[in-house]
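Peer 1: The following comprises the amino acid sequence and a computationally predicted model.
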Amino acid sequence: MSVDINYYSFSPSRADKGFVNFIEDIIAVRKKYIKTDDKGPDESVILTDRQQDLFEHANLGYLIEDSSFNEELLILELKSIDLHYGSIENDGFDSGKDEMLYIEALVESFNLEIENEDNYPRLPTKKAWLQLFSTINQELLDKAINKLKEETGWEEKDCKSGLLFYLECARPVMVDLKDTKDSVFVRYYHNGGEAEPEAAEKLLLKRANEHMKKYNNLLTPVL
């Protein structure tokens, strides 16, 4: 089974600072990329680096192109923008199938706490990820490498390089979770619309509804 997972260290206070520019950013991106008669982007509109980064990394579509109000789509995009403004995200990992193998090897070798024993995939909790990065040593890493080798039949050097690369992809998120006082662990997988764990989804949904009310009628007709 192939599963794509994104991890975030989400700071509400960091996101609030980003939302100061929200309306300005969306107006600029909408002006540049809104489709008219199948024309491409309006090259006369020059975006700032911040605005271009928002367009490239937040889940936008409705706010840019739609011409009628849709609360469900609006909430989804406000959640995505909130994450963009307020998060440190893991680097991209190409193979969801390999990712599951790495996670399983780490769970088994480090005896990591997981979200729900009855669910697959077996995904480590925030506490478990922090535990892993605080206790990692060569003995435990070798154990995970050997476990991966047994499960896959890969060469040891490939197991080692793949596992280390995966840990490096996740490290920035876990460091920020540890160092940022108001950080919240957020995980998305299967490109689903809801975040995990449940407390993270509730927080993002609550904030999206607050933003919808706060910015009401400032970006008609979509907001």
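Peer 2: In hand now; what should we look at? Numbering: from 1, shown residues only.

Peer 1: Domain ranges for this protein, per the record?
Peer 2: Per automatic domain parsing, the domain ranges recorded for the chain read 10-89+198-214, 96-189.

Peer 1: Reformat the ones you listed as TSV; add distance to residue 223 and mean neighbour count.
Peer 2: In this view, the C-beta of every residue, glycine as well, is placed from N, C-alpha and C. Converted to TSV, the domains of the chain look like this (distance: least, Cβ to Cβ, whole Å; neighbours: other Cβ atoms under 10 Å):
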stretch	distance to residue 223	mean neighbour count
domain 10-89+198-214	6	16
domain 96-189	23	16
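
Peer 1: what about those, which gets the closest to residue 220?
Peer 2: Closest of the domains of the chain to residue 220 is domain 10-89+198-214, at 8.5 Å (criterion: Cβ to Cβ).

Peer 1: what about that closest one, start to end distance?
Peer 2: 21 Å (Cα to Cα, to the nearest Å).

Peer 1: Please apply the same query to stretch 172-186.
Peer 2: OK, stretch 172-186 end separation, Cα to Cα: 14 Å.

Peer 1: who's in contact with it?
Peer 2: 7-14, 83, 87-91, 125-126, 129-130, 132-133, 195-197, 199-200, 203-204 (Cβ atoms under 8 Å, 6 or more residues apart in numbering).

Peer 1: Repeat that for stretch 75-86.
Peer 2: 8, 10-19, 22, 54, 57-63, 89, 186, 193, 195, 204-205, 207-209, 211-212.

Peer 1: Using the three-state scheme, assign residue 159.
Peer 2: Three-state call for residue 159 (DSSP: H, G, I helix; E, B strand; the rest coil): helix.

Peer 1: Which of the contacts of stretch 75-86 fall within strands?
Peer 2: Per DSSP state E, strands hold the following members of the contacts of stretch 75-86: 8, 10, 89, 186.
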